[in-house]
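**Student:** next one to model:
(one chain, ligands or ions: 2)
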Amino acid sequence: MLNEKVEKALNEQINAEMFSSYLYLSMSAYFQSLNLAGFAAWMKVQALEELYHAMKIYGYIEERGGRVTLETIEKPTRQWESPLNAFEAAYQHERKVSGMIDHLVNLAIDERDHASNNFLQWFVSEQVEEESTADGVVQKLFMLDREMALRAFNLPPDLKINVLTAQV
Ligand SMILES: [Fe+2]
Ligand SMILES: [Fe+2]
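**Tutor:** Ligands and ions are numbered 1, 2, ... in the order given. Predicted coordinates:
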């Protein structure tokens with residue numbers, strides 16, 4: 001039988017994973033609106049992964065003879081300032097989720113629920129990957145920005161400019 005407190009927290013985590021899925025699907029729609037089809041596809045896959053996380057917890061509660069309880073899923077943000085801003089938001093969101101998983105593990109340990117602790121360890125590793133992936137995209141976008149900034153105008157030898165009068 002599943003510990004009552006752990007059951008409640010696991011149900012809350014199902015909701016958080018469903019929200020993650022919703023958030024990334026919303027980011028996918030945002031990227032599609034910018035005609036960034038590749039980014040949109042990436043986010044759609046991410047949304048499916050989050051749905052899988054929710055179903056993994058759902059299945060675990062069932063397996064332990066607990067009761068799955070579904071709540072309202074919060075409305076996700078629709079618009080971001082830039083693609084970089086969206087990925088920064090994704091990274092921050094994953095950090096928040098990692099904190100939630102850590103709390104869940106702490107609870108399982110406090111309640112001496114070793115099975116749930118063991119089950120949750122998969123999510124601990126998964127969050128390390130999730131944070132690293134999102135941060136990796138942020139770093140790539142920053143790198144591209146830095147690279148773009150390096151472009152300099154090289155004066156073609158046939159173009160004579162009088163620097164003092166700025167006349168071509
Ligand atoms: Fe997740
Ligand atoms: Fe995630």
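**Student:** if I look at the most centrally placed residue in the chain, how far off is residue 76?
**Tutor:** The geometric centre of the chain, computed from its C-alpha atoms, lies nearest to residue 90 (CA atoms, centre = their mean), at 3.8 Å. For residue 90, the distance to residue 76 (CB to CB, to the nearest Å) stands at 11 Å. Glycine gets a C-beta too; all of them are placed from N, C-alpha and C.
**Student:** what sits in contact with each of the two?
**Tutor:** Among the neighbours of residue 90, those also in contact with residue 76 (CB atoms under 8 Å, 6 or more residues apart in numbering) are residue 23.
**Student:** quick one: low-confidence parts of this structure?
**Tutor:** When the per-residue scores of the chain are filtered using pLDDT under 70, the ranges that remain are 161-168.
**Student:** try it again at 50.
**Tutor:** Along the chain, no part satisfies pLDDT under 50.
**Student:** around ligand 1, pick out the residues from it.
**Tutor:** Contact residues of the chain with respect to ligand 1, defined by CB under 5 Å from the ion, are listed as 17, 50, 53.
**Student:** now do 8 Å
**Tutor:** 16-17, 20, 49-50, 53-54, 94, 97, 123, 126-127, 130 (CB under 8 Å from the ion).
**Student:** for those residues, which one is nearest residue 107?
**Tutor:** For residue 107, the closest of the residues of the chain next to ligand 1 turns out to be residue 123, at 13.0 Å, with distances computed as CB to CB.
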